[in-house]
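A.B. asks: structural data only, the sequence is not supplied:
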């Protein structure tokens, strides 16, 4: 290869680089969500109809969770997305650090249309997700009737699947130990309360099998690896749609909402608001629950959903005594204590 | 031309010497030019990332840049008694300005690494900072009495330094105190040394298993007829064609309670009820050994195929028993391959995290798992960098040991 040829290639590369940098400036409206079948369903029910209405070319990307991708955006001042679906802690952090836009709710709709946890200064609820006790009705003889049974190895022997994360798990342990959802964070803020949560988990520790990914819980229930597991309600229903016989206990489930947030420096803020508004369409939300049984943010959506489906959603009566982990109290607790509790959690988990 | 001229001209030593030196320099420059791309490649691929990891592990810009006034005000403070009004005024001003600029959360998060709860103290005070009036000392303490606690001020001062050993010390379970002294971390929060020891132990066991399984296989491939050799090598390489994640997932299916392995063992009648093969250490060892075995077999094979068979025959003809001949003649010749294989397997095993995360239980997680959590989850790049440095340092310490064991020609892959 001659030097000249190399030079040509280098030049071509530089030009291509400049071109992509140029298009990044004027890139199309871009949405990032969680990928996989979930995003496929979002595309079918929301993205494609919206793009058609607006007559735009809508781009999509995948968000991997956590803060790393946002930190990179902050440090490079490069925004590849306009709207992204995030979890509670990232929503709060991005809102506080001014990465996400503080929403003008008058451009989305009346706040009273929505279930309370779906309304936030920076975020519009996308789906309500419940973490709850689930079991395989074909394999477990004595079925659990309360969350306390999750810790009762005599009544229901066998392994327990739990999420490998202190968030939500410690709260669940306290509630199973008799703490009311409203008092959970007050109790957990004291040393005794935190010790109590760990002690409750300790009581079944040899039987706990920790899962990392939401898909593992239904797999383990189906294979009989665990007798009961904490699971996301949508994953359990997805298995049931394939003819399985998994059951859920809605008592004091741990609820959170994912949120749409808009990037403050997005070049497409108006389009982003239009997108959020279209996402609140109750009929589209209702249709989406046919694919994924998560809780719709718009209360009006429930009237378009069959009652037998509503019974499987984190909505209505199912979340009346739920613990909402997106509340200010919960968020404050976890932002303050995450590092310390995570260290204790890791140390505790590693001890046999 | 030059040569011709020189032959006829009277010998001029100095001119010749300088010409030679010039030519020599040119050659050297040419040589340098030739290796420059490679050198640059090494710098970009190795030195820069490692340098930036080290930088992240000591970098501490948050408090100093986001709360500059109070940092400056506390510079000359001795930390013996609660600071005076100027420091409180500077803090109030910083809170107001940085809260409005939305930079404060980063500093608050950094302070929270020092004392849990520092974040909400800072953020909640800042929300009210607009309405503060002098004297600021009373105003701040009225918002939250923690501001009258000297501990918070001491750590505010300590966190203001441009660089910190906080993360590096935390990575070895030590707490950096505000005055620069070092204390062991509280018992219940000591996790990193244990985790490091476990990481090395798992890598060690995996390496030993790879030797025990890989050595005979490599010997088989090296001594098999040529047409078998090819097939066997393809079989060894086959797993490389699928991703690590797929291989890990496959082991989940094989090893689970109602999985293939348990079903087979039950059917043969070796066991009466399914064994727990997964979500414990056994599963982690099985999967990691399977994934890393080719890294042991290939270097061993490349060395073994170069050992003439006559050596063993010669040893036998001189009266050595097979075991003696193997230990005295064959084994020493395979040491370079063995050492290279061990090094590869051991070092790659040290960095595993997705396999233990999916197949292991709570007490089987390795250091890379914690690094990944810090790097991608909470974006605490200080801790991620410090733990990565710790791992790197341990490997660097082990390398001379390896070199002594393996001799200078240690790594020889071809």
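C.D. replies: Yes, it's here. Being a predicted model, the structure only gives us computed values, none of them experimental.

A.B. asks: what about the strands in the stretch 151-300 of chain B?
C.D. replies: For the stretch 151-300 of chain B, strands defined by DSSP state E, counting those that start in this stretch occupy the ranges B:174-176, B:182-184.

A.B. asks: ok, which of those strands comes nearest chain A?
C.D. replies: Of all the strands of the stretch 151-300 of chain B, the one in closest proximity to chain A, counting by CB to the nearest CB, is strand B:174-176 (11.2 Å). All C-beta atoms are positioned from the backbone trio N, CA, C, and that covers glycine.

A.B. asks: avg pLDDT for the closest one?
C.D. replies: For strand B:174-176, the mean per-residue pLDDT is 94.

A.B. asks: what sits against residue 347?
C.D. replies: Picked chain A for this. Listed by CB atoms under 8 Å, 6 or more residues apart in numbering or on different chains, the contact set of residue A:347 reads B:188-191, B:194.

A.B. asks: meant chain B actually
C.D. replies: For residue B:347, counting by CB under 8 Å, 6+ apart, the contacting residues are B:203, B:395.

A.B. asks: name the nearest residue to the closest residue to chain B within the stretch 1-150 of chain A, ignoring sequence neighbours.
C.D. replies: For the stretch 1-150 of chain A, the residue positioned closest to chain B under CB to the nearest CB is residue A:98, at a distance of 3.3 Å. The shortest distance from residue A:98 to any residue that is not its chain neighbour, by CB to CB, 6 or more residues apart in numbering or on different chains, is 3.3 Å, and that residue is residue B:102.

A.B. asks: hang on, isn't that neighbour packed against residue A:100?
C.D. replies: No. The pair residue B:102 / residue A:100 is not scored as a contact, 10.4 Å apart, by CB atoms under 8 Å.

A.B. asks: residue A:36: neighbouring residues, count only.
C.D. replies: By the criterion of other CB atoms under 10 Å in any protein chain shown, residue A:36 has 10 neighbours.

A.B. asks: same question but for residue A:269, I mixed them up
C.D. replies: A total of 17 residues lie near residue A:269 under the criterion other CB under 10 Å.

A.B. asks: contact partners for it?
C.D. replies: Counting by CB under 8 Å, 6+ apart, residue A:269 touches A:82, A:101, A:262.

A.B. asks: dump the contacts of residue A:347 to JSON lines, plus pLDDT.
C.D. replies: Shown next, in JSON lines, are these (pLDDT from 0 to 100):
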{"residue": "B:188", "pLDDT": "83"}
{"residue": "B:189", "pLDDT": "85"}
{"residue": "B:190", "pLDDT": "89"}
{"residue": "B:191", "pLDDT": "90"}
{"residue": "B:194", "pLDDT": "92"}
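
A.B. asks: residue ranges in chain A under the pLDDT threshold?
C.D. replies: With pLDDT under 70 as the threshold, chain A has low-confidence stretches at A:1-25, A:352.

A.B. asks: write out the residues of it neighbouring chain B.
C.D. replies: Proximity of chain A to chain B (CB under 8 Å from any CB of the partner chain) is limited to residues A:64-68, A:70-71, A:93, A:96-98, A:164, A:208-210, A:212-213, A:216, A:220, A:223-225, A:332, A:335-340, A:342-344, A:346-352.

A.B. asks: any of those buried? List them.
C.D. replies: Of all those considered here, the ones buried according to neighbour count by 16 or more other CB atoms under 10 Å in any protein chain shown are A:66-68, A:70-71, A:93, A:96-98, A:164, A:208-210, A:216, A:220, A:223-225, A:332, A:335-340, A:342-344, A:346-350.

A.B. asks: ok, back up a step: quick one: which of residue B:102 and residue A:100 has more around it?
C.D. replies: The residue with more neighbours, out of residue B:102 and residue A:100, is residue A:100; 28 against 14, by other CB under 10 Å.

A.B. asks: for the residue nearest to residue A:98, helix, strand, or coil?
C.D. replies: Under the three-state scheme (DSSP: H, G, I helix; E, B strand; the rest coil), residue B:102 adopts coil.

A.B. asks: quick one, what contacts residue B:322?
C.D. replies: When contacts are counted by CB under 8 Å, 6+ apart, residue B:322 touches residue B:316.

A.B. asks: for it, give its distance to residue B:328.
C.D. replies: Going from residue B:322 to residue B:328 by CB to CB, to the nearest Å gives 11 Å.

A.B. asks: go on, residue A:114?
C.D. replies: 81 Å.

A.B. asks: more neighbours, the two?
C.D. replies: residue A:114 (22 against 11).

A.B. asks: could you find the closest non-adjacent residue to that one?
C.D. replies: Here the nearest residue to residue A:114 in space, its sequence neighbours aside, is residue A:297; by CB to CB, 6+ apart that works out to 5.0 Å.

A.B. asks: how many neighbouring residues does the one you found have?
C.D. replies: In terms of burial, residue A:297 registers 27 neighbours under the definition other CB under 10 Å.

A.B. asks: now swap in the one 10 residues further on and tell me
C.D. replies: Neighbour count of residue A:307, defined by other CB under 10 Å: 8.

A.B. asks: now swap in residue B:227 and tell me
C.D. replies: In terms of burial, residue B:227 registers 8 neighbours under the definition other CB under 10 Å.
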